[in-house]
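Asks: Here is a sequence together with a model predicted from it:
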Amino acid sequence: MALADSTTKSFNTALIATKIPTLLNYSEKLELLLQSPPFQAILQAIRNYSIEAGVSEEQASEEIVKSFRDIDQIWDEYIFQEGLDKLRTHLSN
């Protein structure tokens, strides 16, 4: 049983360790993203929404980010559930 516990611990450690990004220079990556055309488009959308909704750019930013996170969470849950359903089908066959 000790081998199984050791193997389980090694597996879990590897699983977590591989989630850690190998990029060590976060500020460089962040700077590249902040200068990218897609991020500039996000900033323009924030400005436009701020004007259209009559709210501050800070509030517009928060609302846009929250909407994006909500959509992303729904898709994460949907994909996870779809995977579970496929796994259940596979296991029941």
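Replies: Nice, I can see it. Because the structure is a prediction, the values reported are computed rather than measured.

Asks: What are the buried residues along the longest helix anywhere in the chain?
Replies: Among the segments of the chain that qualify as a helix by DSSP state H, the longest is helix 57-92. Residues of helix 57-92 classed as buried: 60-61 (neighbour count, 16 or more other CB atoms under 10 Å). From N, CA and C alone the C-beta is placed, and that goes for glycine too.

Asks: Test for you: state the pLDDT assigned to the residue most central in space within the chain.
Replies: Note on the chain: the residue nearest the mean C-alpha position is D72, at 7.3 Å, using CA atoms, centre = their mean. On the pLDDT scale, D72 is placed at 93.

Asks: That one and S92, how far apart?
Replies: 30 Å (CB to CB, to the nearest Å).

Asks: same deal with E58?
Replies: 51 Å.

Asks: and if you look at A17?
Replies: 34 Å.

Asks: Would you mind listing where this structure has pLDDT under the threshold?
Replies: For the chain, residues meeting the criterion pLDDT under 70 lie at 1-4, 21-24.

Asks: 80 - rerun?
Replies: 1-4, 17-25, 93 (pLDDT under 80).

Asks: Distance-wise, check L32 relative to I74.
Replies: 29 Å.

Asks: meant to ask about S50, not that
Replies: Computed as CB to CB, the S50 to I74 distance reads 25 Å.
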